[in-house]
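Undergrad: Next input, structure requested:
(one chain, ligands or ions: 1)
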Amino acid sequence: MDTPSPAFRSLFVLVGSGNPSKIAAVRLAFLSLYSSLDPESLHVEGLPVDSGVSAQPINDEETYRGAIMRAQNVMRLWKEKEGERRRKEEKLGGQMVEGRGAGKREEQDKRKRGQNERQQGEKGKESNQCTGGTGKPCEICKGCLHVCSTVGAEEGSLLLPDYVVGLEGGVKEEPFPSLCPPLAPPSSPPLHCFAWMAILEPRTGRWSGAKTASFPLPGIVATMVRAGVELGEADDRVFGREKSKERDGVVGLLTGGIVDRAAFYAPAVVLAMIPFGRYRGRYAGG
Ligand SMILES: O=P(O)(O)OP(=O)(O)OP(=O)(O)OC[C@H]1O[C@@H](n2cnc3c(O)ncnc32)[C@H](O)[C@@H]1O
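TA: Sure, this is the predicted structure:
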């Protein structure tokens, strides 16, 4: 990733989830992307939002859709909260709203300045209008999977995040390993666990996405998931754990802690950031 310019004195990343393992994954990813950034200047905030898909997505399309919806929903929620905060502040005649210290406000204003500097420094601002190839503005991705640029546009004096990340876990049947006789299960193909990341850059309205690698789930877990039990719940029941999905996840258990859920997701966040990095120009319009 680009070395942070002076404007990147701080970075604000918003995450569409309250799950600590997802927030940790995003933090890990951005710390590696912006390695010269003071870790204290990296603000990663997660807010629980609806994914708009089933509790246990069962294919790529549904999982990616969930990731996009999470990013969109948290962006919307953030704007509402920020708008509300601004209104309160204005009402109080510029005085600080109770519970939000002056330091926090200063920090936000600093971020806002950084955001403006970056915007000013950017030549040839891209269009914020997404048509998804239809010729008509996108209806904020209601059911569509194309790149929607209408959500992240800056509004008035609201502080917007530098990036908004939606992460969604899913499962899907992976037929390929069953082509190999020693691995072939007797009946159905192995059920693989994976996740999609969707990232919105509000200042340009551009989107990107990438997915994790995948791994096969044990037969008993797969059977439960096929019967309608959520993966996290199945994992807890089979292995006698609690809230595993908020900690190391099933991946952490199966790899003996070598790869926990945060470490599993973080590389995919890094990959999803590629179009916003040093080769950004090569992705423009693509
Ligand atoms: O809704 P939030 O709080 O963001 O977190 P979640 O873990 O429920 O989030 P997802 O919707 O992304 O995950 C979809 C499902 O997959 C499960 N899941 C995904 N990865 C997992 C893992 O590593 N360990 C356990 N469960 C996992 C989880 O139980 C969910 O039911």
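Undergrad: Is the ligand within reach of stretch 257-267?
TA: Yes: Stretch 257-267 comes into contact with the ligand (Cβ under 6 Å from any ligand atom), by way of residue 261. Every residue, glycine included, has its C-beta placed from N, CA and C.
Undergrad: looking only at pLDDT, what's the mean for that stretch?
TA: Stretch 257-267 carries an average pLDDT of 96.
Undergrad: And the contacts of it?
TA: 21-22, 24-26, 28-29, 32, 167, 195, 197, 212-213, 245, 247-249, 251-252 (Cβ atoms under 8 Å, 6 or more residues apart in numbering).
Undergrad: Then stretch 222-241?
TA: 55-56, 169, 171, 188, 190-191, 193, 216-218, 220-221, 242-245, 249-250, 253.
Undergrad: still on that earlier bit, quick one: buried ones out of the contacts of stretch 257-267?
TA: Using 16 or more other Cβ atoms under 10 Å as the burial test, the contacts of stretch 257-267 include 21-22, 24-26, 28-29, 167, 195, 197, 212, 245, 247-249, 251-252 as buried.
Undergrad: shaky segments in the stretch 51-200 of the chain?
TA: Filtered on pLDDT under 70, the stretch 51-200 of the chain yields the residue ranges 94-157, 177-187.
Undergrad: restrict the contacts of stretch 222-241 to contacts with the ligand.
TA: 55-56, 169, 193, 244-245, 249-250.
Undergrad: okay if I get those residues as TSV plus secondary structure?
TA: Compiled in TSV, those are given as follows (DSSP: H, G, I helix; E, B strand; the rest coil):
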residue	secondary structure
55	coil
56	coil
169	strand
193	strand
244	helix
245	helix
249	helix
250	helix
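Undergrad: before we move on, back to that, among the contacts of stretch 257-267, which are in helices?
TA: 21-22, 24-26, 28-29, 32, 249, 251-252 (DSSP state H).
Undergrad: Among the contacts of stretch 222-241, name the buried ones.
TA: The neighbour-count criterion (16+ other Cβ under 10 Å) marks 56, 169, 171, 190-191, 193, 216-218, 221, 244-245, 249-250, 253 among the contacts of stretch 222-241 as buried.
Undergrad: what comes up buried for the lengthiest helix in the chain?
TA: If you go by DSSP H, the chain has its longest helix at helix 60-91. Buried residues in helix 60-91, counting neighbours by 16+ other Cβ under 10 Å, are found at 62-75, 77-79, 82, 85.
Undergrad: Just the strands from the stretch 51-200 of the chain, written as ranges.
TA: 163-173, 191-201 (DSSP state E, counting those that start in this stretch).
Undergrad: Dump these to CSV, plus distance to residue 230.
TA: Below are the strands of the stretch 51-200 of the chain laid out as CSV (distance: least, Cβ to Cβ, whole Å):
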stretch, distance to residue 230
strand 163-173, 10
strand 191-201, 12
